[in-house]
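Asker: only geometry, no sequence info:
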DNA sequence: TGTTGACCTTCCCGTCACTGGAAGGTCAAC
DNA sequence: GTTGACCTTCCAGTGACGGGAAGGTCAACA
């Protein structure tokens, strides 16, 4: 099937499929006589896998690692779990950062009248 | 003072100060006879303001808006508050996204033995 | 006076994961 | 034969910088 169909079935845009090929996340697809990329159902499955992994926030690098483990029938699930737990830790760090900022901003915005006068604790805090 | 000293006092790296100048966040600094950028205490204050705003996650575009309001003595605090509340909403959306991913991953990693066997619910989920 | 070493300058490339768009070739239907 | 929906490659831009090269400047010290 053509790249457009593969995109529709996998949820990965044609542009992005070409990008994944260019960075080596997927091998170069076969070509028709006219030079069109041709995809098998199997390759679409791989694209779906990638799409799901990316939507869980895994970096393209990590997705490459997960793909390799997925294909490796003699893998240790510990290796998969390690990648996932590392990712969870990163996410939790990020959430903590955002939450600190959120609380600071909520405090400041609560103290800001938000009227037509210039006095503003938000600007005061930034200017401190 | 030179850019290095301004960087040390403001917390914004010299590289980043030049970048802010190049994108118009700050006006071009004065120059010494030798072509070195020269900063006043006032300009360092502005850089400190920018540094604090950026550390609260405001985009450079929003920082430009906050700087303008900061300098505008006839500003309405409502305009500042609006920028801050919009940012809070963005952060909360981001936290919610991350938390959904986090919960999914925690569920999967909990169900993954993480031993030397290949069976792995994480890969199974991605392959579904 | 010469020389070091710490500054500073501009410029370009790389990051991450794409997205947009231009210029042009291919295919199926009407 | 023509339309329109595909496909191709290539280049540039995104945000917010950081790295590093090549070269100029300055203050201190021998």
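Answerer: Looks like it came in fine. Note that the coordinates shown come from a computational prediction; the quantities given were computed from them, not determined experimentally.

Asker: and residue A:107, how many neighbours does it have?
Answerer: 13 (other Cβ atoms under 10 Å in any protein chain shown). (C-beta placed from N, C-alpha, C; glycine too.)

Asker: For it, which residues are in contact?
Answerer: If a contact means Cβ atoms under 8 Å, 6 or more residues apart in numbering or on different chains, then residue A:107 has no contacts.

Asker: Ok, residue A:24 next?
Answerer: Neighbouring residues of residue A:24 by Cβ under 8 Å, 6+ apart: residue A:64.

Asker: Where does it fall, secondary structure wise?
Answerer: Secondary structure from DSSP states H and E places residue A:24 outside every helix and strand.

Asker: show me what contacts the residue nearest to residue A:50 when sequence neighbours are not counted?
Answerer: Leaving aside its chain neighbours, residue A:50 sits nearest to residue A:63 (5.6 Å; criterion: Cβ to Cβ, 6 or more residues apart in numbering or on different chains). Counting by Cβ under 8 Å, 6+ apart, residue A:63 makes contact with A:25, A:50, A:53-54.

Asker: again with residue A:81
Answerer: If a contact means Cβ under 8 Å, 6+ apart, then residue A:81 has B:109, B:112-114, B:120, B:122 as its contacts.

Asker: Leaving aside the residues adjacent along the chain, what's closest to residue A:60?
Answerer: Distances taken as Cβ to Cβ, 6+ apart put residue A:25 closest to residue A:60, at 5.9 Å, once the chain neighbours are dropped.

Asker: Same question for residue A:10.
Answerer: For residue A:10, ignoring the flanking residues on the chain, the nearest one in space by Cβ to Cβ, 6+ apart is residue A:47 at 3.5 Å.

Asker: Enumerate the positions of the helix or strand hosting the one you found that are buried.
Answerer: Under the criterion of DSSP H and E, residue A:47 resides in helix A:41-55. Residues of helix A:41-55 classed as buried under the neighbour-count rule (16 or more other Cβ atoms under 10 Å in any protein chain shown) are A:43-44, A:46-54.
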